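> generate a structure from the sequence data that follows.
(one chain, ligands or ions: 1)
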Amino acid sequence: MAVSPSRISALRGLRGRCPACGKGRLFAGYLKQAPACADCGAATGEIEAEDGPPWLTVLLLGPLLAALTLIAARHETWPLWMRLAGLGAFAIVAALMLLPRIKGALIGVLWGMRGSG
Ligand SMILES: [Zn+2]
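Here you go, the predicted model:
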């Protein structure tokens, strides 16, 4: 089975790379898109991911955090502040790590769809 172009560009975006060539950087900052790929010149900055990345991040993290909250709630020997601090820190770190990757993947998907119409 052949890998679809949008899947390749999504994987490139997930790694923060240009969806067109997979070499240039997709982001100029943490979440700021570069206007164009420095390697192949693809205008990746024109792709608007809008509210998709935070929405997807919450969708992916929500069930995981719910499960972790249940696990933490059962460990009554741990102090409450420790459980709350641990969950809060995990949620923040996980969201910050996921957000640019999800945004990159979404831009990659949109880039792949653009070509095939
Ligand atoms: Zn490129």
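> near the ion, which residues of this structure?
With Cβ under 5 Å from the ion as the criterion, the chain comes near the ion at residues 18, 20, 21, 24, 37, 39, 40, 42. All C-beta atoms are positioned from the backbone trio N, CA, C, and that covers glycine.
> same thing but 6 Å
For the chain, the contact set with the ion under Cβ under 6 Å from the ion comprises 18, 20, 21, 23, 24, 37, 39, 40, 42.
> which of those residues are buried?
Neighbour-count burial (16 or more other Cβ atoms under 10 Å) applied to the residues of the chain next to the ion gives 18, 20, 24, 37, 42.
> now render these as CSV, adding pLDDT and secondary structure.
Below are those laid out as CSV (pLDDT from 0 to 100; DSSP: H, G, I helix; E, B strand; the rest coil):
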residue, pLDDT, secondary structure
18, 97, coil
20, 94, coil
24, 96, coil
37, 96, coil
42, 95, coil
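> report the distance from the biggest helix by length in the chain to the chain centre.
The residue-count maximum for a helix in the chain (DSSP state H) belongs to helix 80-116. Put simply, helix 80-116 sits 4 Å off its chain's centre (Cα atoms, centre = their mean, to the nearest Å).
> quick check: end-to-end length of stretch 66-85?
15 Å (Cα to Cα, to the nearest Å).
> phi, psi of the closest residue to residue 98 other than its chain neighbours?
In space, and not counting its chain neighbours, residue 98 is closest to residue 57: 5.0 Å by Cβ to Cβ, 6 or more residues apart in numbering. Per-residue torsions, residue 57: phi -60, psi -50 (degrees, to the nearest 10).
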